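Q: Provide a 3D model corresponding to the input given below.
(one chain, ligands or ions: 2)
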Amino acid sequence: MKNIVFIAPPAAGKGTQAKKICSHYHVPHISVGDLLREVSSSGTEEGKNIDEKMKHGILIEDTYMVHLIEGRLQKGDCENGFLLDGFPRSQSQALLYDEMLEKRAQRVELCLYLKLDYEEAKNRITGRMSCPNCGHVFNEKIEGLKPIQDYICDFCKTSLAKRKDDNEESFKERFDTYQRETEPLLTYYQQKGLIRTIDACQSADEVFKEIISILEEGAS
Ligand code: AP5
Ligand code: MG
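A: Ligands and ions are numbered 1, 2, ... in the order given. Have a look, this model is predicted:
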């Protein structure tokens, strides 16, 4: 599978699409946000510091991110490909990622821009709920994504939870950070001719179909 980078605002569907792509191509899904949430819930000083930043949608320092991601990519399951969801998110991270990949004789081959406006993203964020046990994600505001029974996981019957940063205030801060730090990366990848834009307002299945057709272009 091609080495993909997502550029997408909060709730555009990075996690949703990454899971689908990874199960289609049998590569590991590395959610940078999930890696950080694991550290933030550890109760250590480092965890508390990260938790505070995540609540306000502030990006964690590059040196920490490089250490975290390099450590994860060194694991054996990444040898035949992987999908990073949530990195890079700034110009400096894009340069660091290029360096990281160069060491592995790899490069970014495709940048998927999942386009979604503020209001739709806010609606998705404030309705999202996920299962702390099996990781399935639901949405109480979106038909087709609601759990069968309110607040209960369809698959393992565990009570669903909301992310700490899934409220209107944190969302606004995350969206601002996205516009300020991440969106300018469109120019960086545009100059490399790697951008493909996808309307993320479509259903998750339609978005996935479009992504697969882009990934399969040129394959015989
Ligand atoms: P992260 O966890 O990555 O959060 P985010 O970027 O705000 O994105 P989300 O996870 O909220 O959205 P998503 O695009 O994955 O959407 P999803 O598929 O879940 O990062 C959190 C924080 O960690 C950052 O704010 C920052 O502090 C820190 N951080 C992360 N990366 C960092 C980095 N590189 N450097 C420094 N700090 C970093 O979908 C959302 C909802 O919509 C779900 O309910 C889903 O079911 C629903 N949905 C999905 N697709 C559709 C569809 N097509 N139609 C209708 N509903 C849909
Ligand atoms: Mg996500």
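
Q: Flag every residue of this protein that's near ligand 2.
A: 14-15 (Cβ under 5 Å from the ion). C-beta coordinates here come from the backbone N, C-alpha and C atoms, glycine included.

Q: give me the residue from the chain nearest ligand 2.
A: G15 (3.3 Å; Cβ to the ion).

Q: Tell me who's in contact with that residue.
A: By Cβ atoms under 8 Å, 6 or more residues apart in numbering, the contact set of G15 is 31, 33, 85, 137.

Q: Of those residues, which belong to strands?
A: Using DSSP state E, the members of the contacts of G15 that fall in strands are 31, 85, 137.

Q: Wait, the last one touches Q17, no?
A: Right, the one you point to is V137. No. Using Cβ atoms under 8 Å, V137 is not in contact with Q17, being 11.6 Å away.

Q: higher neighbour count, those two?
A: When neighbours are counted by other Cβ atoms under 10 Å, V137 and Q17 differ, and Q17 comes out ahead with 25 against 15.

Q: Could you check the pLDDT of the residue in the chain positioned nearest to ligand 1?
A: Residue nearest to ligand 1 within the chain: G33 (1.9 Å; Cβ to the nearest ligand atom). G33 carries a pLDDT score of 96 in this model.

Q: Contact residues of this protein facing ligand 1?
A: Applying Cβ under 6 Å from any ligand atom, we find that the chain lies next to ligand 1 at 8, 10-16, 32-33, 36, 53-54, 57-60, 65, 86-87, 89, 93, 124, 128, 137, 139, 142, 145, 174, 200, 203-204, 207.

Q: Okay, helices next: where are they in this protein?
A: 14-25, 32-40, 45-55, 62-73, 91-103, 118-127, 168-177, 185-191, 204-216 (DSSP state H).

Q: Mind giving me the packing neighbours of the third one?
A: Going back to what we said before, that points to helix 45-55. helix 32-40 (3 or more Cβ pairs under 8 Å, 6 or more residues apart in numbering; DSSP states H and E).

Q: these two touch, right, the residue of the chain closest to ligand 1 and L84?
A: No. Proximity of G33 to L84 does not meet the contact threshold set by Cβ under 8 Å, at 11.0 Å.

Q: For the two, indicate the residue with more neighbours.
A: L84 (24 against 17).
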